[in-house]
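>>> Sequence below, structure please.
(2 chains)
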Number of protein chains: 2
Amino acid sequence: MNMLEAAANAKKASIKLAASSTKVKNKALKNIAEVLVANKKMIVTANQLDLEQSEAEQLEAPLLKRLRFDEAKIDEVVAGIESLIKLDEPVGEVLLETELDDGLTLIKETCPIGVIGVIFESRPDALVQIASLCLKSGNAVMLKGGSEAKQTNKVLTELILRATDEAGIPSAWIYNLESRAEVSNMLDLDEYIDLIIPRGSNEFVRYIIEHSRIPVLGHADGICHGYIHRDADIKMAVDVAVDSKTQYVAVCNAMETLLVHRGIAKEFLPELVKAYAPFNVRIHGCEKTKMIIDCELATEEDWKTEYLDYEISIRIVDSMEDAIEHINTYGSGHTETIVTENAEKAKTFMMLVDSGNVFHNCSTRFSDGFRYGFGAEVGISTNKIHARGPVGLDGLLIYKYKLYGHGQIANDYAKGIKKFTHKRIK
Amino acid sequence: MNMLEAAANAKKASIKLAASSTKVKNKALKNIAEVLVANKKMIVTANQLDLEQSEAEQLEAPLLKRLRFDEAKIDEVVAGIESLIKLDEPVGEVLLETELDDGLTLIKETCPIGVIGVIFESRPDALVQIASLCLKSGNAVMLKGGSEAKQTNKVLTELILRATDEAGIPSAWIYNLESRAEVSNMLDLDEYIDLIIPRGSNEFVRYIIEHSRIPVLGHADGICHGYIHRDADIKMAVDVAVDSKTQYVAVCNAMETLLVHRGIAKEFLPELVKAYAPFNVRIHGCEKTKMIIDCELATEEDWKTEYLDYEISIRIVDSMEDAIEHINTYGSGHTETIVTENAEKAKTFMMLVDSGNVFHNCSTRFSDGFRYGFGAEVGISTNKIHARGPVGLDGLLIYKYKLYGHGQIANDYAKGIKKFTHKRIK
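The predicted structure is shown next:
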């Protein structure tokens, strides 16, 4: 089967899936959980093949760690599916109800988007998570995982398909892309695919955005900022700056640039240097920073860089307004935090910073679907439309308007024979 | 000032506008209403120039009618602004509130999108409507109206700017593009412009979608369908089919294709022909239709055609499922209606038809922001993400997550020292 056929079939399947009952969808999810538990050995064996191949190809240790899908990881994704089953039905939620006239009622109701294309990194657990979220929200899904996880992903897709077939979900609802060539094909299929969610490196996400007319949900850069205001509690500022930078450096919500008010820089920066020492954080500072602490001189390029490493750029600013201006110029709209004892200042900062996530007195690392309490997430979005920040089930839904009448025609209202009541019911 | 500067300034203005109070925004709206009333003569004179020029260029009568902006039309848009002032503040609405832990509170809050680029047809009232909606929702706007309305639009923008300046809104919040070349420039400015709303012909909207990486909100085609089920009330079916086709043929929510169940075709079609006769509706029918009524033979091309005229394609189908399949294949996701006495059948049809607006027993012509009770609208969207159907203020908003803490760091939760409570507050 070629991609065009697969996508056309997925579109047809998505229509049926959109009309599937909560009972059928939850039965399918339950079947997936069961089939994963019953076939742990087969999954682990396939994963072993991927691991061996990747070791032979000298894949880096952190990537190997993400690729590993052992019994404990299987139990984790199964627990995730079980909590997904318990969630309320996301489809058919009434968002608005208006009586337009006697016997003419308008209802705005959530519905699935249709067919979602997801391209994700080497973690096989992402496949199960994304497929379950799509199923619960009634969307068909075309998946392309990292090639390192090829064997594992193949087995997982087959098991999921077996489980959903048994529950009566149309088979074409899920399709596993096996080659990179198929990804480029997918990007052209805007007739069938409604949304692309790419997860991966900046370059990769940017490539997808530039090569497809299908709407893309996600983020390329994650250049997150901290701003230490002049009245910040020094200990809190150090704690937040350490956690934001060092808790996990390779992720999009790690802090890359720290802005410090000039009124607190002399007191704060030496303390920060002490706290960063055990982590060997490499510091690029502006000229004023260099006058206070020992560091490299930051260039214009540093303000635009997502290090994803134990490395940071620091700039001293004259005011909070300058900090906001810096963030709105160089930031990527992901996550920024302010440390200040002044709640009013924090409020202004959070209003004026144009990012999906704006924090007061806490670490940028909280910007995450699980930590927000959304359960699983399909990704984090820096888009300005549809869905922003960590995206769970809600980003996989849209709505339709349903109008129930008794033969009403518009001409009667245009001519003034009848009048709209526009009575809000919900 | 060139486009790049104008867009960069609009972006900066949008940040300040996003933080403007309800009082300031409503004062600005009030000023606009007053300045329009006080300068009626100037507006009408400018409009007169546009009308004379367009008459000299032999613009068609319906276009001339849309271009005319007289005192009555000014009163209408002023009334629109007054109702907009009365609407609740759309920015800062709390959509979700969760206590993540003691003293760590997450709030999901509506905020403006940023900078909106709007390209619209020759109606000058559209300029005032769109600008007011953007102002109320806190968005900066770059506007390009039809060149026929050049003088009118120039005067209107100047008056609006004077009114908003007085209220303290940053001047760069509104920019009037004067040439087509500026439109192509605008499409490249994805760094500054967050959303494009094109209104106009199919070809025009498709051109915009294909030539910009900025998200586009709107619709190209409006191929709306009616489906007459076998058990339909004949009189109601005829009324709905007449209104959907003939009430106003040049608009996107007019019906272009009628699907008829074979069990009712012989009874229904001759009645329809009688009802269409006074309007001289030209009928393209499938072979089965041609066996019942006198008409031209429809080709494959007819099912894909938006006539926007007294012209229709008719197809007889064997079942509701075939009607749904036809609609999901040839439709544009705009508006479809079913006429049936069977509420269960209607429910299934409305679930399986993949369109933004699905109706039961009423005319497709109700698919409209004013008729839905939304007040003014920026357009109708056939997108599958962000906003669908008639779009009012809601389509000009997105949200941001605000997290309020007291020095919390993620490491404490990662290490299990602290636990999330995830208590839903709102």
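>>> List the buried residues in stretch A:402-420.
The neighbour-count check on stretch A:402-420 (16 or more other C-beta atoms under 10 Å in any protein chain shown) flags A:402-405, A:407-413, A:418, A:420 as buried. All C-beta spots, glycine's among them, are computed from the backbone N, C-alpha and C.
>>> and the closest residue to residue A:368 other than its chain neighbours, what helix or strand is that in?
Beyond its immediate neighbours in the sequence, the residue positioned closest to residue A:368 (C-beta to C-beta, 6 or more residues apart in numbering or on different chains) is residue A:390, lying 5.8 Å away. For residue A:390, the host element (DSSP states H and E) is strand A:389-391.
>>> Each with direction, which strands does that strand pair with?
Sheet pairing of strand A:389-391 (DSSP bridges) gives strand A:379-381 (antiparallel).
>>> what distance separates the strand it pairs with from the centre of its chain?
Relative to its chain's centre, strand A:379-381 lies at 2 Å (C-alpha atoms, centre = their mean, to the nearest Å).
>>> Kindly report the same for stretch A:265-274.
Relative to its parent chain, stretch A:265-274 has a centroid offset of 34 Å by C-alpha atoms, centre = their mean.
>>> How about residues contacting that stretch?
Here stretch A:265-274 makes contact (C-beta atoms under 8 Å, 6 or more residues apart in numbering or on different chains) with A:228, A:232, A:234, A:237-238, A:241-242, A:258, A:260, A:283, A:288-289, A:292-294, A:314, A:316.
>>> what separates the strand holding residue A:390 from the chain centre, distance-wise?
Once both centres are worked out by C-alpha atoms, centre = their mean, strand A:389-391 turns out to sit 5 Å from its chain's centre.
>>> avg pLDDT for the helix or strand following that strand?
The helix or strand immediately downstream of strand A:389-391 is strand A:397-408, counting by DSSP H and E. Taken as a whole, strand A:397-408 carries a mean pLDDT of 97.
>>> Pairing partners for strand A:397-408, with directions?
Sheet pairing of strand A:397-408 (DSSP bridges) gives strand A:104-112 (antiparallel), strand B:357-362 (parallel).
>>> and among those, the most buried is which?
Most buried of the strands paired with strand A:397-408, by mean neighbour count (mean count of other C-beta atoms under 10 Å in any protein chain shown): strand B:357-362, with a mean of 26.
>>> thinking again about what came up before, can you add distance to residue B:171 and mean pLDDT and give the strands paired with strand A:397-408 back as CSV?
CSV is the format used below for these (distance: least, C-beta to C-beta, whole Å; pLDDT from 0 to 100):
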stretch, distance to residue B:171, mean pLDDT
strand A:104-112, 37, 97
strand B:357-362, 39, 98
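>>> So of the buried residues of stretch A:402-420, which two are at opposite extremes in space?
Of all pairs drawn from the buried residues of stretch A:402-420, the greatest distance, 21.8 Å, lies between A:402 and A:411 (C-beta to C-beta).
>>> Quick one: the strands in the stretch 1-150 of chain A, in order.
Using DSSP state E, counting those that start in this stretch, the strands assigned to the stretch 1-150 of chain A run over residues A:94-101, A:104-112, A:115-119, A:140-144.
>>> Give the buried residues for the helix or strand hosting residue A:276.
Element membership for residue A:276 (DSSP H and E) is helix A:262-276. Residues A:264-265, A:268-269, A:272-273, A:275-276 are the ones in helix A:262-276 that count as buried (16+ other C-beta under 10 Å).
>>> need the contact list for the most centrally placed residue in chain A.
Nearest to the geometric centre of chain A sits residue A:379, at 1.6 Å (C-alpha atoms, centre = their mean). Applying C-beta under 8 Å, 6+ apart to residue A:379 gives the contacts A:197, A:199, A:217-219, A:390-391.
>>> With residue A:365 instead?
Applying C-beta under 8 Å, 6+ apart, the residues near residue A:365 are A:243-244, A:247-248, A:251, A:253-254, A:371, B:409-411.
>>> Now the two most distant members of the residues you listed.
The distance between the two most remote of those (C-beta to C-beta) is 14.8 Å, for A:251 and B:409.
>>> Excluding sequence neighbours, find me the nearest residue to residue A:4.
residue A:189 (6.8 Å).
>>> just residue A:15 next, same as before
Using C-beta to C-beta, 6+ apart, the nearest residue to residue A:15 is residue B:352, at 5.7 Å.
>>> Surely the one you found is in contact with residue B:324?
Yes: if you go by C-beta atoms under 8 Å, residue B:352 and residue B:324 touch, sitting 4.9 Å apart.
>>> So for stretch A:315-325, mean pLDDT?
For stretch A:315-325, mean pLDDT is 98.
>>> Between its first and last residues, how far does it reach?
Stretch A:315-325 has an end-to-end distance of 13 Å (C-alpha to C-alpha, to the nearest Å).
>>> on that earlier part again, now, which of the contacts of residue A:365 sits nearest residue B:137?
The closest of the contacts of residue A:365, once distances to residue B:137 are taken by C-beta to C-beta, is residue A:253, at 28.3 Å.
>>> Quick one: residues contacting the closest residue to that closest one other than its chain neighbours.
The shortest distance from residue A:253 to any non-neighbouring residue, by C-beta to C-beta, 6+ apart, is to residue A:367 (4.2 Å). Applying C-beta under 8 Å, 6+ apart, we find residue A:367 in contact with A:224, A:253, A:334-335, A:357, A:359, A:380, A:389-390, B:401, B:403.
>>> Can you tell me which of those has the most neighbours?
Counting neighbours by other C-beta atoms under 10 Å in any protein chain shown, residue A:335 leads those with 34 neighbours.
>>> quick one: contacts for that one?
Residue A:335 neighbours (C-beta under 8 Å, 6+ apart): A:222, A:224, A:253, A:355-359, A:364, A:367.
>>> so how far is stretch A:54-61 from its chain's centroid?
With C-alpha atoms, centre = their mean as the basis, stretch A:54-61 stands 27 Å off its chain's centre.
>>> Correction: the previous question concerned stretch A:45-52.
Counting by C-alpha atoms, centre = their mean, stretch A:45-52 comes out at 28 Å from the chain centroid.
>>> Let me see the contact set for the nearest residue to residue A:138 once chain neighbours are set aside.
Spatial nearest neighbour of residue A:138, chain neighbours left out: residue A:112 (3.6 Å); criterion: C-beta to C-beta, 6+ apart. Shown in contact with residue A:112 (C-beta under 8 Å, 6+ apart): A:14, A:17-18, A:91, A:137-139, A:396-398.
>>> out of the residues you listed, what pair is the most spread apart?
A:17 and A:398, at 14.4 Å, using C-beta to C-beta across those.
>>> Those two - which one has more neighbours?
Taking other C-beta under 10 Å, residue A:17 and residue A:398 do not tie; residue A:17 has more neighbours (29 against 21).
>>> Find the residue closest to residue A:422 in space, skipping its chain neighbours.
By the measure of C-beta to C-beta, 6+ apart, the closest residue to residue A:422 outside its immediate chain neighbours is residue B:373, 3.6 Å from it.
>>> how far away is residue A:81 from residue A:132?
5 Å (C-beta to C-beta, to the nearest Å).
>>> Also residue A:268?
For residue A:268, the distance to residue A:132 (C-beta to C-beta) stands at 45 Å.
>>> now swap in residue A:53 and tell me
Separation of residue A:53 from residue A:132 (C-beta to C-beta): 27 Å.
>>> Residue numbers of the stretch 251-400 of chain A in contact with chain B?
Within the stretch 251-400 of chain A, the positions adjacent to chain B are A:324, A:328, A:339, A:346, A:348, A:350-352, A:354-363, A:365-367, A:371-373, A:383-386, A:388-390, A:398-400 by C-beta under 8 Å from any C-beta of the partner chain.
>>> mind showing which ranges of chain A have poor pLDDT?
Along chain A, segments meeting pLDDT under 70 span A:1.
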